[in-house]
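> Pasted the sequence and its predicted model underneath.
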Amino acid sequence: MNIIMLGAQGTGKGTVASAICEQTGMLQISTGDIFRKNISEKTPLGIEADKYISKGNLVPDEITVPMVEDRLTWDDAKNGVILDGFPRTIEQAKKLDEILNAKGEKIDLVINLVTPKDEIIDRMLTRRVCTNPDCKATYNVKLHPPIKEGICDKCGSPLKQRDDDSNPEAIKRRLEIYEEKTSPLVEYYKNKGVLRTETVSISINRMGKDVANDIVKDIKK
Ligand code: ADP
Ligand code: ZN
């Protein structure tokens, strides 16, 4: 089974994906996490990707698509994956279809997370990430704080705010790109009959964990 997480920044794609993975043993592939790991290790890929990421722009397909294609061939991806942050454009979605087609696979489910805009910006500003690139746990100082301030519950490393989350220009740019380039994917996957839209909002007391639990129940049916 292959799943895609869709939704604007700060809707909780990563949270939902990791909760589903924990309960099903599926593998989460987050393109943002792979880029951040490469940036912190100063690999050539990281140095190149950072030129785009720091400004809130998309990393070009020539870098992103082969990176995902390669990751999908690893042994741990055999039992199905949850793609978090990919595809982000119609072109990437078409490439992904080709890659999966060639292996006799397909996208089975697209989880489209929707959150009110004012909440989204607040959630991006209050998001904190673990600085250990092998852990990557995320927190929210308001909604989901760590037990000890500034320290990761899972691995004890310091937490920090992502550079692109502390830069208002980059936040604005990312949300614009989402509207323009990524939101057409909702229609694309709706037409394929695999779209499942879920609202995540404090106003209706429905958070990422609740969505993940409902989806896992349905998957196991
Ligand atoms: P967010 O969804 O909050 O922007 P991500 O962690 O998913 O955060 O991605 C961080 C950055 O990495 C993006 O702003 C973008 O620059 C880059 N990126 C991630 N996934 C892709 C992708 N599929 N295509 C192009 N760039 C990507
Ligand atoms: Zn950690």
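Happy to help now that I have it. Ligands and ions are numbered 1, 2, ... in the order given.
> shaky segments in the protein?
Nowhere does the chain drop to pLDDT under 70.
> Provide a list of residues in contact with the residue nearest the centre of the chain.
Among the residues of the chain, the one closest to the centroid is D84, at 3.3 Å (C-alpha atoms, centre = their mean). The contact partners of D84, taken as C-beta atoms under 8 Å, 6 or more residues apart in numbering, are 5, 13-14, 17, 28-33. (Each C-beta comes from the backbone N, C-alpha and C, glycine too.)
> next one: phi and psi at it?
Dihedral pair for D84: phi -120, psi 100, per degrees, to the nearest 10.
> mind listing the helices in this structure by residue range?
Assigned by DSSP state H, the chain shows helices spanning 13-24, 31-40, 44-53, 61-71, 90-102, 117-125, 163-166, 168-177, 184-191, 208-220.
> what comes up buried for the shortest one?
Right, helix 163-166. Within helix 163-166, the residues scored as buried using 16 or more other C-beta atoms under 10 Å are 164-165.
> now do the last one
Using 16+ other C-beta under 10 Å as the burial criterion, the residues of helix 208-220 that qualify are 208, 211-212, 215-216, 219.
> could you check the distance from N213 over to K221?
Using C-beta to C-beta, to the nearest Å, one obtains 13 Å as the distance from N213 to K221.
> do the same with V81
20 Å.
> So those two - more neighbours on which side?
Per other C-beta atoms under 10 Å, whichever of V81 and K221 has more neighbours is V81, with 24 against 5.
> Provide a list of residues in contact with the more buried one.
2-3, 26-29, 72.
> Of these, just say which sits nearest to ligand 2.
Q28 (15.1 Å; C-beta to the ion).
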